[in-house]
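Enquirer: how does the following fold in three dimensions:
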Amino acid sequence: MSDPRVELFSNHGRDGYNHRVNETQLIARVIAGDRLAGRRLYDTHAPRVYSLAYRLSGDAEKAKEFTQDTFIRAFSRLSQFRGDAAFSTWLHRIVVTVVSNARRSEIRTSREVALDEASSIESMAPEAEPDLKECIARAVENLSEAYRMTLIMHDIEGYTHAEIAGILGVPEGTCKSRLSAARAQLREELAAFKE
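Expert: Residues are numbered from 1 along each chain as shown. Next up, the predicted model:
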């Protein structure tokens with residue numbers, strides 16, 4: 001019996017391609033210049049990449065850009081994919097890098113506000129306490145990047161600690177401790193809502 005991971009099935013779709021071809025074969029086709037294979041690889045992974053980018057950025061438009069940037073980088077470096085980890089793990093590591101780089105750039109830009117501009121900003125009186133959803137979003141945003149990514153990937157996106165470790169390139173124990181610390185920090189910041 002042949003290996004099902006490398007076996008080609010005869011049920012080809014309208015595009016002439018087998019809809020059960022494995023990723024290794026799709027990747028080889030993309031590297032060889034097959035645009036339809038590239039589209040299939042994109043269609044397979046884009047929803048999860050977008051979801052992760054959205055959760056990490058909190059912005060739908062930016063998430064679309066990050067998704068495109070991720071696939072541009074991935075396809076340009078596809079020949080470097082060694083297959084040591086799952087393709088999705090390699091791809092999600094790229095989206096984490098894309099979002100992290102963009103966030104760092106935004107932070108640098110916001111720090112470059114001139115002092116005269118900063119002094120002209122009016123101080124606003126605090127408004128009534130925002131609802132819990134806004135407080136949670138703000139508390140998550142205030143987490144360090146490592147804690148925020150780990151929390152979002154595990155608690156919101158449903159990645160396992162092993163998957164997160166592979167994507168972020170850290171030991172599984174580090175993921176677990178980051179998640180624990182992130183949850184503790186959130187509990188502390190949201191303690192006022194218990195009252």
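Enquirer: OK, contacts around the residue positioned nearest the centre of the chain?
Expert: Centroid-nearest residue in the chain, with C-alpha atoms, centre = their mean: Leu52, separated by 3.5 Å. Contacts for Leu52 (C-beta atoms under 8 Å, 6 or more residues apart in numbering) come out as His92, Val95, Val96, Ile152, Met153, Glu157. From N, CA and C alone the C-beta is placed, and that goes for glycine too.
Enquirer: for the fourth one, which non-adjacent residue is closest in space?
Expert: What sits nearest to Ile152 in space, not counting adjacent residues and going by C-beta to C-beta, 6 or more residues apart in numbering, is Arg55, at 4.6 Å.
Enquirer: same check, this time on the second one
Expert: Residue nearest to Val95 in three dimensions, not counting chain neighbours: Thr70, with 4.4 Å by C-beta to C-beta, 6+ apart.
Enquirer: that neighbour against Val98, yeah?
Expert: Yes - between Thr70 and Val98 there is a contact at 5.2 Å, judged by C-beta atoms under 8 Å.
Enquirer: residues shared between the contacts of those two?
Expert: Ala53.
Enquirer: pLDDT below threshold where in this structure?
Expert: Residue ranges of the chain with pLDDT under 70: 1-21, 107-131, 193-195.
Enquirer: repeat the analysis, applying 80 as the threshold.
Expert: Applying pLDDT under 80 to the chain flags residues 1-21, 104-133, 191-195.
Enquirer: hmm, who's touching the longest helix along it?
Expert: Longest helix of the chain, by residue count under DSSP state H: helix 87-111. For helix 87-111, the external contacting residues (C-beta under 8 Å, 6+ apart) are 23, 27, 45, 48-49, 52-53, 56-57, 62, 66-67, 69-70, 73-74, 81, 145, 149, 163, 166-169.
Enquirer: change it to 6 Å
Expert: 23, 45, 49, 52-53, 56-57, 66, 69-70, 73-74, 81, 166-167 (C-beta atoms under 6 Å, 6 or more residues apart in numbering).
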